[in-house]
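K.L.:
structure for this input, please:
(one chain, ligands or ions: 2)
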Amino acid sequence: MIIGICGGSASGKTIFTKKIIELVGSDALIYLEHDAYYKGLTELPPELQETKNFDHPDSLDNALFIQHLHQLQTNQPIERPVYDFTIHRRTTETIRILPKPVILVDGILIFAIEALRDLFDIKVFIDADADIRLARRLQRDLFERGRTPESVLDQYLKTVRPMHREFVEPSKRYADIIIHGKIKKHNTGLDLIVTKIKAYLAELAQQQ
Ligand SMILES: Nc1ncnc2c1ncn2[C@@H]1O[C@H](COP(=O)(O)OP(=O)(O)O)[C@@H](O)[C@H]1O
Ligand SMILES: Nc1ccn([C@@H]2O[C@H](COP(=O)(O)O)[C@@H](O)[C@H]2O)c(=O)n1
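P.N.:
Ligands and ions are numbered 1, 2, ... in the order given. Predicted coordinates for the structure are as follows:
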């Protein structure tokens, strides 16, 4: 079973996915981030790298990502790339991921790419307001991704916002479930997904 978790940048996809893992346990789950498959920017000088459009579907190696999902579905391990957001390229290491029954995939563009979208058994969209996402992104990119406030705001206006409007927001229509990206003690959407995964795993266990 493959579950796609989509939503704008800093909508809360990672937090939501980690919550699922916490509630279901990691024995039967793999977490695969589309973000790990960004193409490296080795050809561009450092001063131009932050002006690149990282929010267009072509900025990711989708062929490799789809190949890896097929490998996992057919019970083969993969070597997942490791992407470093501070230098805009993949590191030389990879992480070996062994197949498991449930794959959680997250990314801003996973529903905008038809070949990818078709692979998901359940599609979840995390919907958070743009101002909330920008505030969260600013904080995260300064502390975790080695950016300056100027570069975060410049990138947001030049590429993140327009690409969100062109690709991410329209892809919401493909979602089976839309979840609010606000903090809530009780989250029905999360409960639904967790219940569905547990039922699927119980069914698998019965067949064995
Ligand atoms: N519901 C929420 N309430 C408050 N902060 C949140 C919430 N969801 C995410 N954040 C914060 O926003 C930032 C981005 O969240 P993250 O889950 O990494 O987003 P995404 O994976 O969609 O880019 C993180 O610093 C996280 O702590
Ligand atoms: N070198 C890079 C690569 C990507 N980004 C930004 O990451 C965003 C997607 O990740 P989220 O965790 O926020 O979903 C995307 O909006 C890219 O702009 C980057 O800044 N630098």
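K.L.:
from here on, contacts and neighbour counts on C-alpha atoms
P.N.:
Noted.
K.L.:
next up, the contacts around the nearest residue to Pro99 once chain neighbours are set aside.
P.N.:
Spatial nearest neighbour of Pro99, excluding adjacent residues (CA to CA, 6 or more residues apart in numbering): Leu72 at 5.0 Å. The contact partners of Leu72, by CA atoms under 8 Å, 6 or more residues apart in numbering, come to 78, 98-100.
K.L.:
which of these are buried?
P.N.:
Neighbour counting by 16 or more other CA atoms under 10 Å classes 78, 99-100 among these as buried.
K.L.:
would you map the strands across the chain?
P.N.:
Ranges of strands in the chain, per DSSP state E, are 2-7, 29-33, 78-84, 89-97, 102-107, 122-127, 177-180.
K.L.:
over the first one, what's the mean pLDDT, rounded is fine.
P.N.:
This points to strand 2-7. For strand 2-7, the mean per-residue pLDDT is 98.
K.L.:
what packs against that strand?
P.N.:
Contacts defined by 3 or more CA pairs under 8 Å, 6 or more residues apart in numbering; DSSP states H and E place strand 2-7 against helix 13-24, strand 102-107, strand 122-127.
K.L.:
right, so of those, which gets closest to ligand 2?
P.N.:
strand 102-107 (5.6 Å; CA to the nearest ligand atom).
K.L.:
the closest one pairs with which strands, parallel or anti?
P.N.:
Strand 102-107 has the following strand partners under DSSP bridges: strand 2-7 (parallel), strand 29-33 (parallel).
K.L.:
buried deepest among the ones you listed, which one?
P.N.:
strand 2-7 (a mean of 24; mean count of other CA atoms under 10 Å).
K.L.:
picking up where we left off before, switch the strands paired with strand 102-107 over to JSON lines; also include distance to Gly181.
P.N.:
Shown next, in JSON lines, are the strands paired with strand 102-107 (distance: least, CA to CA, whole Å):
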{"stretch": "strand 2-7", "distance to Gly181": "9"}
{"stretch": "strand 29-33", "distance to Gly181": "18"}
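K.L.:
can you add distance to ligand 1 and give the ones you listed back as a markdown table?
P.N.:
Shown next, in a markdown table, are these (distance: least, CA to the nearest ligand atom, whole Å):
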| stretch | distance to ligand 1 |
| --- | --- |
| strand 2-7 | 6 |
| strand 29-33 | 9 |
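K.L.:
what's Glu79 in contact with, if anything?
P.N.:
By CA under 8 Å, 6+ apart, the neighbours of Glu79 are 94-97.
K.L.:
who wins on neighbours among the residues you listed?
P.N.:
Neighbour counts for the contacts of Glu79 (other CA atoms under 10 Å) peak at Ile97, which has 16 neighbours.
K.L.:
for that residue, give its distance to ligand 2.
P.N.:
Ile97 sits 20 Å away from ligand 2, going by CA to the nearest ligand atom, to the nearest Å.
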